[in-house]
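Trainee: Following is a predicted model, sequence given first.
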Amino acid sequence: MKFSTPVRLRLALFLLGLGAALALGGCSQPAAEASPLPVALVTQARSSDTLTASSYPGEVQARFETALAFRLPGQLRMRYVHLGDRVHKGQLLAELDPQDPQAQQSAAQAQLSAAQARLSLAQTVAQRNTAQAKEALISASENEQSLATAAVAAADVQVAGKQLEMAQHQLQYTRLLAPQDGIITSEDAESGAVLGAGQKVFGLAWGAPNDVLIDVPESRIGSIQPLAKADIALSGDTQTHWRAQVREIAQAANPQTRSYRVKLGLQAGATAPKIGMTVLVSLDPARHAPLVEIPATALFHDGSAPAVWVLHPGDNQLQIRRVTVAAYAAQSVSLSAGLQAGETVLAQGVHTASAGMRVAPRAVADSEATP
């Protein structure tokens, strides 16, 4: 069959369009379905009015303690007190071998006696020369010389007297006396040992009442206020209690433990715990704004600070939020800052989440949030 030229042209154009449509249809792919959002187990932070007292292990120590030592070197001959003994001011605690100081005192006494004899002779000569000079029996210069000799002899007596006084003090320093009433807290030298000047022999605790020392982590030091009250109990004995009060909070952390030393003053009493006892310190809860409680599984650390993942209400994105922990419980954590009651937080899988991640939230009960 033959076609005219216009017909053949129209037919060619039709075939070309049909081929292009088939080619485009063969290259097209079905639209990819959007991947579903990961399911996240979330819970709401709730307010908590429970104020839990913070507890720390502590140790009873003397508020004032003095290191007792001899002022001069020597061999320790005798100790008269022991660890835990109560001593009184002026009581003899220990003695050094006194042979050398006694010899020095004897030598100083002999020097003083010789100086006094020279002074007596010089004064006699000076008096005689003065009388002879008045009668012109001796020259004035000879008289002046005798007077100067007497003055030098008097000065020598003063020097010898001071040396004798120093020797006597050295002999007294061989006896170690208690400077005030107190309790011996340490024995740092044994009888027969050769000691240097200033080497510690005893520790003496004095003054009352004693202190209780605790170390508080840097994350909780902000919750402790000066003059806060506390309850003190012996470790393992919940029947005996004492009251104490915070009197000093360290302004710098221990470089090794990163904790802060807190001193609590014990109330004076006849039954107060003894120095060196291990106790449990329960600080009275501070009155502050209501706490916020979340499951323990929702808490993690952003560097060195505690943090939680907060679900943004608009687009369900996770945002990191640093918080302040007020107290820890077995299955929950109480927060004092950083989170408001009613906000939604990630309850599980906190270590697999990332900032800006969108999730499909599913609310869980507290029993489900705690493994």
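Mentor: Noted; the coordinates are in hand. Predicted model only: the values in this text are computed from it and were never measured.
Trainee: what's the closest non-adjacent residue to the residue nearest in space to the middle of the chain?
Mentor: Residue closest to the mean C-alpha point of the chain, counted by C-alpha atoms, centre = their mean, is residue 261 at 3.6 Å. Once flanking residues are discounted, residue 261 sits nearest to residue 250: 4.3 Å by C-beta to C-beta, 6 or more residues apart in numbering. C-beta coordinates here come from the backbone N, C-alpha and C atoms, glycine included.
Trainee: Please apply the same query to residue 112.
Mentor: residue 160 (3.9 Å).
Trainee: Pull out the buried positions in whichever strand or helix holds the one you found.
Mentor: Using DSSP states H and E, residue 160 sits within helix 140-172. Using 16 or more other C-beta atoms under 10 Å as the test for burial, helix 140-172 gives 143, 146-147, 149-150, 153, 156-157, 160, 163-164, 167, 170-171.
Trainee: Strands of the stretch 101-250 of the chain, start to end?
Mentor: 175-177, 182-187, 194-195, 200-206, 211-217, 229-234, 237-249 (DSSP state E, counting those that start in this stretch).
Trainee: partner strands of the shortest one, parallel or antiparallel?
Mentor: The pairing partners recorded for strand 194-195 under DSSP bridges are strand 74-79 (antiparallel).
Trainee: So which other helices or strands are in contact with the very next helix or strand once past the partner strand?
Mentor: Reading on from strand 74-79 to the C-terminus, the next helix or strand found by DSSP H and E is strand 86-87. Under the contact definition 3 or more C-beta pairs under 8 Å, 6 or more residues apart in numbering; DSSP states H and E, strand 86-87 sits against strand 182-187.
Trainee: returning to that earlier point: I figured the residue nearest to residue 112 hits residue 111, correct?
Mentor: Yes: here residue 160 reaches residue 111: they are 4.6 Å apart, a contact under C-beta atoms under 8 Å.
Trainee: coming back round to it: between the buried residues of helix 140-172, which is closest to residue 296?
Mentor: Proximity of these to residue 296 (C-beta to C-beta) peaks at residue 170, which lies at 67.6 Å.
Trainee: Now do the closest one against residue 156, distance only.
Mentor: Distance of residue 170 to residue 156, given as C-beta to C-beta, to the nearest Å: 21 Å.
Trainee: now do residue 302
Mentor: Residue 302 sits 81 Å away from residue 156, going by C-beta to C-beta.
Trainee: same check, this time on residue 36
Mentor: Distance, residue 36 to residue 156, by C-beta to C-beta: 109 Å.
Trainee: list the helices and strands the helix of greatest length in the chain packs on?
Mentor: Longest helix of the chain, by residue count under DSSP state H: helix 99-134. Helix 99-134 is packed against helix 140-172, with contacts defined by 3+ C-beta pairs under 8 Å, 6+ apart.
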